[in-house]
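Asker: Any chance you could fold what I've pasted below:
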Amino acid sequence: MNPKRTIVILLTTFAAIWITDMLIHELAMKSDYAATGSLWRSRASMQHFIKWLMVGQFMAAAGLTVIWINRCAPNTTTFRSATRFGFFIGLIATSYVPIFYAVMPIPAMICLKWAGYGILQSIVVTLVLYVTTRKLAQEG
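Answerer: Residues are numbered from 1 along each chain as shown. Below you'll find the predicted structure:
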């Protein structure tokens, strides 16, 4: 994959992570966070830290993109194998959740949702990678 295409894939992956994070944390889990407000930074304070969230999202996008490009050839990967790959990446990406639950006073339901949504997010983002790399490969 040439550098220009790699950048397109990386930015697409970053956008998919950013969008799914917004859907998960600003919509699906908003009431969970509101009910446990004392555990989190204030909304105003979060604005100061937003760049760190984006750094983490970019790191995830870069790692996933490089692994995908180097290990999953667009012409041999199937929808099913991409889904399976995303599931196992999701297991790795959410492995911190039971550890956080063990050491922090976070409600079990939040941890279960983090793990479930995190695995689902990894599958969705991997499928975005799958579609993007196939489309770019077909364009030559």
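Asker: where does the protein have low pLDDT?
Answerer: Scanning the chain for pLDDT under 70 picks out the ranges 1, 74-75, 140.
Asker: Would you map the helices across it?
Answerer: Secondary structure of the chain (DSSP state H): helices at 3-22, 30-35, 43-71, 79-93, 96-103, 108-139.
Asker: Let me know which of those helices is tucked in deepest.
Answerer: helix 108-139 (a mean of 18; mean count of other C-beta atoms under 10 Å). Placement of C-beta: from N, CA and C, glycine included.
Asker: For residue 35, see how far away residue 43 is.
Answerer: Distance, residue 43 to residue 35, using C-beta to C-beta, to the nearest Å: 15 Å.
Asker: Repeat that for residue 115.
Answerer: Between residue 115 and residue 35 the computed distance is 19 Å (C-beta to C-beta).
Asker: Same question for residue 67.
Answerer: 36 Å.
Asker: What sits closest to residue 67 if chain neighbours are left out?
Answerer: Excluding the flanking residues, the one nearest residue 67 by C-beta to C-beta, 6 or more residues apart in numbering is residue 89, at 8.0 Å.
Asker: Quick check: chain neighbours aside, which residue is closest to residue 136?
Answerer: What sits nearest to residue 136 in space, not counting adjacent residues and going by C-beta to C-beta, 6+ apart, is residue 5, at 5.2 Å.
Asker: any idea how far stretch 26-46 is from the chain center?
Answerer: Offset of stretch 26-46 from its chain centre (C-alpha atoms, centre = their mean, to the nearest Å): 19 Å.
Asker: With stretch 76-90 instead?
Answerer: The chain centre lies 14 Å from the centre of stretch 76-90; the measure is C-alpha atoms, centre = their mean.
Asker: Check what contacts that stretch and list those residues.
Answerer: Residues outside stretch 76-90 that contact it (C-beta atoms under 8 Å, 6 or more residues apart in numbering): 64, 67-68, 72, 118-127, 129-130, 133-134.
Asker: one more time with 10 Å, if that's ok
Answerer: Stretch 76-90 has contacts (C-beta atoms under 10 Å, 6 or more residues apart in numbering) with 60, 63-64, 67-68, 71-72, 93, 115-131, 133-134.
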